[in-house]
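**Student:** can you look at this prediction? I've put the sequence above it.
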Amino acid sequence: MWVGEKKCAKIIENVWKSDNGVSCNMEGVMRLIKGCGEQLAWWNKTSFGHIKRELDSARHNLESILATDGAQYDPVGLFKARENMQLWLEQEEMMWRQRSCVKWLHEGDQNTHFFHSQANMRLKRNWIKCLRNEQGAWVEGAQRNDMIVEFFQHHFLTYGLSGQNGVLDSVERRITEDMNQQLTKPYVVEEVKMALQQMHPTKAPGPDGMSPLFF
């Protein structure tokens, strides 16, 4: 929603410059990304966190100007009030569009009610209220969370295997040496950019909370 604001790029630039080139490893990069997230979250809260309040204020101001007549009529003030009202309407529209994750409509479609309902439906679909454990009892809250973590810990656990060499030797090799060199060679900037451009900008944020649009 606020990525189009000039201050957004400035905040990211300031965080990156504050490091003075010290963070040259992945741990340092992750620390900088976290710093950007914290600064952007604070800026979002102070500048865009009260859209409904700002929209109500803009609407009240516009209605007050429209109610005046005669010598008190202010065409310049009316123009600015309408412009401000339109600005916050667009911000509200964009906010609900992003929350709804609907990507086949444009921000300018002016259908906030539709986006609002989509966002609420996503919230209901994405929420796991309770789970049934191995004893057949329903658990929720912290017990539900522990159950999810335990499931995936066991699911991805690797157990010791034996006798696999005989099986692997009988499998026809499909990866040639040239193909293997292509797969194992170092990444280049162009490859990373191409991969990012193929990803939807506001979908699937990573573990750091940043969507592809940030990068």
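**Tutor:** Cool, got the structure.
**Student:** neighbours of L78, just the number please.
**Tutor:** 14 (other Cβ atoms under 10 Å). In this view, the C-beta of every residue, glycine as well, is placed from N, C-alpha and C.
**Student:** got the contact list for C36?
**Tutor:** By Cβ atoms under 8 Å, 6 or more residues apart in numbering, the contact list for C36 reads 11-12, 15-16, 210, 214.
**Student:** and W88, how many neighbours?
**Tutor:** With other Cβ under 10 Å as criterion, W88 counts 19.
**Student:** if we can go back for a sec, narrow the contacts of C36 to those in helices?
**Tutor:** Within those, residues falling in helices by DSSP state H are 11-12, 15-16.
**Student:** would you mind giving the domain segments of this structure?
**Tutor:** 1-49, 51-155 (automatic domain parsing).
**Student:** nearest to G206, out of those domains?
**Tutor:** With Cβ to Cβ, the closest approach to G206 among the domains of the chain belongs to domain 1-49: 9.1 Å.
**Student:** and whichever strand or helix holds E27, what's buried?
**Tutor:** Assigned by DSSP states H and E, E27 falls within helix 26-47. Neighbour-count burial for helix 26-47 flags 32-33, 35-36, 40, 43 (criterion: 16 or more other Cβ atoms under 10 Å).
**Student:** JSON lines for those residues, including pLDDT and distance to S64?
**Tutor:** Below are the buried residues of helix 26-47 laid out as JSON lines (pLDDT from 0 to 100; distance: Cβ to Cβ, whole Å):
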{"residue": "L32", "pLDDT": "86", "distance to S64": "46"}
{"residue": "I33", "pLDDT": "85", "distance to S64": "45"}
{"residue": "G35", "pLDDT": "86", "distance to S64": "42"}
{"residue": "C36", "pLDDT": "85", "distance to S64": "40"}
{"residue": "L40", "pLDDT": "82", "distance to S64": "34"}
{"residue": "W43", "pLDDT": "78", "distance to S64": "30"}
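**Student:** between these, which sits nearest N165?
**Tutor:** Each of those was checked against N165 using Cβ to Cβ; the closest is I33, at 42.0 Å.
**Student:** surely the closest one is in contact with D208?
**Tutor:** Yes. Counting by Cβ atoms under 8 Å, D208 is a contact partner of I33 at 5.1 Å.
**Student:** since we're on H50, how many residues are nearby?
**Tutor:** 12.
**Student:** and what of the one 3 residues further on?
**Tutor:** For R53, the tally of surrounding residues (other Cβ under 10 Å) stands at 10.
**Student:** over to Q198?
**Tutor:** Neighbour number of Q198 under other Cβ under 10 Å is 8.
**Student:** and it, how far is that from V192?
**Tutor:** 11 Å (Cβ to Cβ, to the nearest Å).
**Student:** hmm, which helix or strand of this protein has the shakiest average pLDDT?
**Tutor:** The weakest-scoring helix or strand in the chain, judged by mean pLDDT, DSSP states H and E, is helix 112-125 (a mean of 57).
**Student:** what about K34, distance to G209?
**Tutor:** Taking Cβ to Cβ, one finds K34 at 9 Å from G209.
**Student:** if you skip the residues just before and after it, what's nearest to W88?
**Tutor:** Leaving out its chain neighbours, the residue that sits closest to W88 by Cβ to Cβ, 6 or more residues apart in numbering is L55, at 4.3 Å.
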